[in-house]
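Chemist: structure of the sequence below:
(chains A and B)
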Amino acid sequence: MSLPTSVTVRALTAVTAVCALALTATACGGTTKKSSSDQGPGTASTASADPGAALKKDLKLAFLPKQINNPYETIVDNSGIATAKEIGSTAKEVGPSDASASSQVSYINTLIQQQQDAILLAANDPNAVCGPLKQAMAKGIKVVAYDSDTAKDCRQLFINQASSEQIGRSLVQNLGKQLNYQGKIAILSATQNATNQNTWIEFMKKELALPAYKGMRLVKVAYGDDDDQKSFQQTQGLLQAYPDLKGIIAPTTVGIAASARYISSSSYKGKVVVNGLGTPNQMRKYVKDGTVAQFSLWDPKKLGRLAAYAASALCSGQITGAEGQTFKAGDLGTFTVGKDGEVILGKPTVFDTTNIDGFDF
Amino acid sequence: MSTKSDLSRFLRWDVAVGILLVAVFATGAGTTEGFATTGNLSFALNDIAEVAIIALPMTLLVVAGEIDLSVASMLGLASAVSGKLWESGWAFETIVPVVLAIGVVGGLLNGWLVTRVGLPSLAVTIGTLTLYRGLASVALGSNAVTDFPETYARWTSDTNTVLGFLPYPFALFIVLAAVTGVVLHATGFGRSLFATGAQEEAAYFSGIRVKRIKLLLFVLTGLLSAFAGIVFTLRYGSARADNGQGFEMLVIASVLLGGVDFDGGKGTLGGAIAGVLLIGLLKNLLILNDVANEVQVIVTGLLLVASVLTPRVIAAALERRHRRAAAAV
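Modeler: Okay, here's the model as predicted:
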């Protein structure tokens, strides 16, 4: 009736032995990362574009955000849905409630089954969504990434808010003006290995190396790990370590809000300039109480609008995603497809007392 | 007497779940375009492959009166370690046994704490749920390793199928399920699991090595969770420390929905599998109909509450009827 002890022990020993055997057998051979760089090239679009083609109506577009109920993405998607309606098509937003790597995959499969004309998505993980997106493209569905890109060969276009160079350089330019190009400054970033943050910081350093900024010195890059409390503490630490610090750039919405919150209730208020990337709703209080004079972010409404136009242009055959093609995006103007199918919305929008009440996100 | 056994057979929860599964499938096929296509079903089956695989040892554990909440964290740890080792240039053929060994060690730790230290499995595995997820973050941080080769990835794709519609991970699940079904329902070992879950002390005194059996089950659960981690990583082509977050709830919900008694000692593997399929197909059907995510979560929640509640209500009703019948005589 019962399982004798020796059987259990033997079973465990056998499992261990098999594992050990497998280890020794494969230690000297097998596929490694180096020996397997055999992943095929992307499905480059060979079809030719007809820039004069009419914008098709009655298209079915689907927005798939990183997660639903994220206030920022809701604005992007609602603007895209409104734009689609304006130009005679229909659009919807579907998506998971968590932003994990895998949760978007079920939705992509669904959109394929529903035979949408285009899928627009902000990828949680550039590669986890690749398989199903390639299936979608193979079935003639157009794929447009926005806000957060997928791997290059898994979509036709990527609508980028702003180029990394524009973001990095413009933050330094704005702070430079505020400080009359004088004094010590620090950067409060998110995590040490965040790709976008590090790219922006690189461009900030390049901008700072220009002769105009010889009176300004970057003394430290601190990391708040996109954690409110940690960013708060890091701000305090920066001000302790550099009592003559004149400015902080926080290119992260969590960091800038925490930084502004610390400064607003400290003796540094009005003496230390905080700039960076933030959302109007988070920063409104600090702009109104004078802690922060200005900060930047792209306009999410324009991003959604551009994405909807780009997807419609793809479906209408005006563009295929190849470099150099152009398309019209209504009142936003004419855009050109850049390298690797990237379309850039433009410079970040600067928010200050004059315009902050016009935004709600 | 015979009416009662007919009634209880008809009211068997796992059979009811099976019928519900067929009903959901028929509804989907009848109302929703694209649902009953090979492409969609292959996808839907593949999409629950990891949950289904972990549900097998979980069923055995719950039948034996224990539970393991750390399965999804072990999946994440396996994924993170696979990614880290691949990134450092290890051969994939070497990574697999190493990762499986980690699953065995994790299972041993759970089992040791439960059987030797004598802690309740719920408490132990809440702890190791956090521990394994933490170790996963240490192994890979917030990075993702994504450049796994096509040679392995295609085994987990939903377009590469056996018999035209069965993706390999799900085909493997069917084989594992068959083995598990035989072990649970047709061997002495299986009977000793039910005995252990129903009356641990009685089982012990009748000669069943209760602790060893439980230890073995935890090891098996760890091993299959780690294996599911490898499948998950290849299927999504992305090794991350947060992979499979929340899967433990999906696994446990499926098993309980399938009529396996949370108190142990009762349940069938067929029921548990019907539970997994029901949750998977229902989710697929709801998404296809653009039902909002919140509603999907509510539907799953209601099913779970119903699955825990209904058998108890039925049992109470039968009990009352039985007593009344006895009184009448």
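Chemist: check which helix or strand covers A:Q135.
Modeler: According to DSSP states H and E, A:Q135 maps onto helix A:130-138.
Chemist: and what of A:F295?
Modeler: Here A:F295, judged by DSSP H and E, is contained in strand A:294-297.
Chemist: what's whatever helix or strand comes next after that strand packed up against?
Modeler: Using DSSP H and E, the helix or strand that directly follows strand A:294-297 along the chain is helix A:300-315. Under the contact definition 3 or more CB pairs under 8 Å, 6 or more residues apart in numbering or on different chains; DSSP states H and E, helix A:300-315 sits against strand A:60-64, helix A:71-86, strand A:118-121, strand A:142-146, strand A:157-160, strand A:326-328. Quick note: C-beta positions are derived from backbone N, CA and C, even for glycine.
Chemist: helix A:300-315: how far from the chain's middle?
Modeler: 16 Å (CA atoms, centre = their mean, to the nearest Å).
Chemist: same question, stretch B:20-37
Modeler: Stretch B:20-37 sits 23 Å away from the centroid of its parent chain (CA atoms, centre = their mean).
Chemist: same check, this time on stretch B:144-159
Modeler: Using CA atoms, centre = their mean, the offset of stretch B:144-159 from its chain centre is 23 Å.
Chemist: contacting residues around that stretch?
Modeler: The contact list for stretch B:144-159, computed with CB atoms under 8 Å, 6 or more residues apart in numbering or on different chains, reads A:31, A:33, A:36, A:38-40, A:101, A:125-128, A:131, A:135, A:151, B:39, B:42-43, B:45-47, B:82-84, B:86-87, B:92, B:160, B:167-169, B:231, B:233-235, B:237-240.
Chemist: how far does it stretch from start to finish?
Modeler: Across stretch B:144-159, the terminal residues are separated by 24 Å (CA to CA, to the nearest Å).
Chemist: what are the buried residues along that stretch?
Modeler: B:144-149, B:152-153, B:156-158 (16 or more other CB atoms under 10 Å in any protein chain shown).
Chemist: hang on, the earlier thing: now the contacts of stretch B:144-159: which count as buried?
Modeler: For the contacts of stretch B:144-159, a burial check counting by 16+ other CB under 10 Å picks out A:31, A:33, A:36, A:101, A:125-128, A:131, A:135, A:151, B:39, B:42-43, B:45-47, B:82-84, B:86, B:92, B:167-169, B:231, B:233-235, B:237-240.
Chemist: narrow the buried residues of stretch B:144-159 to those in helices?
Modeler: B:152-153 (DSSP state H).
Chemist: turn the buried residues of stretch B:144-159 into a markdown table, including pLDDT.
Modeler: As requested, those are exported to a markdown table (pLDDT from 0 to 100):
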| residue | pLDDT |
| --- | --- |
| B:A144 | 85 |
| B:V145 | 89 |
| B:T146 | 86 |
| B:D147 | 85 |
| B:F148 | 89 |
| B:P149 | 87 |
| B:Y152 | 90 |
| B:A153 | 87 |
| B:T156 | 91 |
| B:S157 | 87 |
| B:D158 | 87 |
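Chemist: center of the chain, which residue is that?
Modeler: Going with chain A. Against the mean C-alpha coordinate of chain A, by CA atoms, centre = their mean, the closest residue is A:S148 at 3.8 Å.
Chemist: that's the other chain; I wanted chain B
Modeler: Centroid check for chain B by CA atoms, centre = their mean gives B:A55 as the closest residue, at 1.6 Å.
Chemist: what's near enough to touch it?
Modeler: Contacts were defined as CB under 8 Å, 6+ apart; by that measure B:A55 touches B:251, B:254-255, B:272-273, B:275-276.
Chemist: any idea how far A:A329 is from it?
Modeler: 49 Å (CB to CB, to the nearest Å).
Chemist: check B:V105 too.
Modeler: For B:V105, the distance to A:A329 - CB to CB - is 56 Å.
Chemist: one more: A:V143?
Modeler: 18 Å.
Chemist: run a quick neighbour tally on whichever residue of the stretch 101-250 of chain A sits closest to chain B.
Modeler: In the stretch 101-250 of chain A, the residue that lies nearest chain B is A:Q113 (3.3 Å; CB to the nearest CB). Neighbour count of A:Q113, defined by other CB atoms under 10 Å in any protein chain shown: 19.
Chemist: tell me the gap between stretch A:145-162 and the middle of its chain.
Modeler: Centroid separation between stretch A:145-162 and its chain, computed with CA atoms, centre = their mean, is 9 Å.
Chemist: pull the contacting residues for the residue of the stretch 101-250 of chain A closest to chain B.
Modeler: B:33-35, B:37, B:39-40, B:288.
Chemist: let's go with 10 Å and repeat that
Modeler: Going by CB atoms under 10 Å, 6 or more residues apart in numbering or on different chains, A:Q113 touches B:32-35, B:37, B:39-40, B:43, B:284, B:287-288.
Chemist: in TSV, list these along with distance to chain A, secondary structure and pLDDT.
Modeler: What follows is the contacts of A:Q113, written out as TSV (distance: CB to the nearest CB, whole Å; DSSP: H, G, I helix; E, B strand; the rest coil; pLDDT from 0 to 100):
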residue	distance to chain A	secondary structure	pLDDT
B:T32	9	coil	91
B:E33	8	coil	89
B:G34	3	coil	89
B:F35	7	coil	93
B:T37	7	coil	92
B:G39	7	helix	89
B:N40	5	helix	92
B:F43	5	helix	92
B:N284	7	helix	93
B:I287	5	helix	91
B:L288	5	helix	92
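Chemist: what secondary structure does residue 125 sit in?
Modeler: Let's take chain A. Here A:D125 is coil, with the state taken from DSSP: H, G, I helix; E, B strand; the rest coil.
Chemist: if you could check chain B rather than the one you did, that'd help
Modeler: helix.
Chemist: doesn't B:E66 make contact with it?
Modeler: Yes - taking contacts as CB atoms under 10 Å, B:T125 lies within contact range of B:E66: 8.9 Å.
Chemist: common neighbours of those two, please.
Modeler: With CB under 10 Å, 6+ apart as the test, B:T125 and B:E66 both reach B:110, B:114, B:218, B:221.
Chemist: in TSV: those, plus neighbour count and secondary structure.
Modeler: Below are the shared contacts of B:T125 and B:E66 laid out as TSV (neighbours: other CB atoms under 10 Å in any protein chain shown; DSSP: H, G, I helix; E, B strand; the rest coil):
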residue	neighbour count	secondary structure
B:N110	32	helix
B:V114	24	helix
B:F218	29	helix
B:T221	29	helix
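Chemist: out of the residues you listed, which is nearest to B:A16?
Modeler: Minimum distance to B:A16 across the shared contacts of B:T125 and B:E66 is 26.9 Å, recorded for B:T221 (CB to CB).
Chemist: quick one: residues contacting that closest one.
Modeler: B:54, B:56-58, B:60-61, B:66-68, B:70-71, B:74, B:103, B:106-107, B:110-111, B:125, B:251.
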